[in-house]
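K.L.:
Below: sequence and its predicted model.
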Amino acid sequence: MKNKKFYAILAAILLLACGYATAQTQTYLNLGLSLPTGKFAEGDEDGFALVDESKEGGAGVGATLGFKFKFPTKAKGLGVLLSVDGIYNGLNSDVKEAFEDMRDELEDEVQDVTLRKPNYINVPVLLGLNYCYEANDNLGIYGEAGIGLDARFITKFYLELEDSGNDSYYGHYSAKETIKYKYDPAFAFAFQLGAGVLINNKFTIGLNFYNLGSAKVKGKATDKYQETIGGDSYTDSEKENFKFKTLSTTMVLLRFGIRL
């Protein structure tokens, strides 16, 4: 139901923006850096929101790629803005180090360890206004603001442990344990504020603050264990739904754009 509501509002935003479209519509391709702020950036070896009850995201510097559409209005320099972005953030150095320490400890106990760390992917779709003051043909200064919806996705956390050997009494043995955290998508109200410069009516350099809303971190955890000793096999599997605390997602985007 929540997914249907998100797509319905997204469709309304797109239709509204298209109503302002003219032959002079400006389309920009943006790419740059994503710099997490606040609780989204915090988190260390003591925990972060993807694995426990912490409100800290443990996010690190990431990248962004997206499109910005400016639909001119009758007011000089003012346009209706529609932006669609994909924003990727991995984990910060403290959280990565904690994972690597865990891997090292496990490798002292078993033969093979496979670890895939979770990462954040946000897709905000925002509608707003952009005003650009052109000092001359080569330089302009713009400010913008927008509101809309963000879709937050978190990639899977995966840990696999394998061990085997020979026992003097039981003979050959092997064991394998697989732990997975699969996160549910989350949707939240989002807004952005930004400013930048327009160069030669072709290139932009901008700085934007994005607040992508707050939503609980939840999903399904599975733990599967397989063991074979002396030809006898044993398998055990556990599944449970988890719901951690609410995570707020904020960041600053430093972006470079080119008019298409």
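P.N.:
Received it, and whenever you're ready, just let me know what you need. Since we're looking at a predicted model, the values are computed, not measured. Residues are numbered from 1 along each chain as shown.
K.L.:
Who does the helix or strand harbouring residue 160 pair with, and is each partner parallel or antiparallel?
P.N.:
Assigned by DSSP states H and E, residue 160 belongs to strand 157-167. Strand 157-167 has these partner strands in its sheet, going by DSSP bridges: strand 112-116 (antiparallel), strand 171-183 (antiparallel).
K.L.:
among those, which is nearest residue 219?
P.N.:
Nearest to residue 219, of all the strands paired with strand 157-167, is strand 171-183, at 4.1 Å by C-beta to C-beta. For the C-beta atoms, the positions are set from N, CA and C on the backbone; glycine is no exception.
K.L.:
ok so, going back, output the strand holding residue 160 as CSV, nothing but the C-alphas.
P.N.:
This file holds the C-alpha atoms of strand 157-167, laid out as CSV (Å, rounded to 0.1, in the frame of the first residue of the first chain):
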residue,chain,number,x,y,z
PHE,A,157,24.4,-7.5,4.6
TYR,A,158,25.9,-10.9,4.0
LEU,A,159,28.2,-13.0,6.1
GLU,A,160,29.3,-16.5,5.2
LEU,A,161,31.5,-18.7,7.3
GLU,A,162,33.0,-22.0,6.1
ASP,A,163,35.2,-24.6,7.9
SER,A,164,36.3,-28.2,7.2
GLY,A,165,38.9,-30.7,8.4
ASN,A,166,39.4,-34.1,9.7
ASP,A,167,38.7,-35.5,13.2
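K.L.:
how about that strand: buried residues?
P.N.:
Neighbour-count burial for strand 157-167, with 16 or more other C-beta atoms under 10 Å as criterion, is recorded at 157, 159-161.
K.L.:
Need those residues in CSV (columns: pLDDT).
P.N.:
Formatted as CSV, the entries for these read as follows, by pLDDT from 0 to 100:
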residue, pLDDT
157, 95
159, 96
160, 97
161, 95
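K.L.:
Take these and lay them out in JSON lines including distance to residue 188.
P.N.:
Compiled in JSON lines, those are given as follows (distance: C-beta to C-beta, whole Å):
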{"residue": "157", "distance to residue 188": "21"}
{"residue": "159", "distance to residue 188": "28"}
{"residue": "160", "distance to residue 188": "32"}
{"residue": "161", "distance to residue 188": "35"}
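K.L.:
Tell me the pLDDT of residue 231.
P.N.:
Per-residue pLDDT puts residue 231 at 77.
K.L.:
Could you pull up phi and psi at it?
P.N.:
phi 90, psi -10 (degrees, to the nearest 10).
K.L.:
Not counting sequence-adjacent ones, nearest residue to it?
P.N.:
What sits nearest to residue 231 in space, not counting adjacent residues and going by C-beta to C-beta, 6 or more residues apart in numbering, is residue 171, at 7.7 Å.
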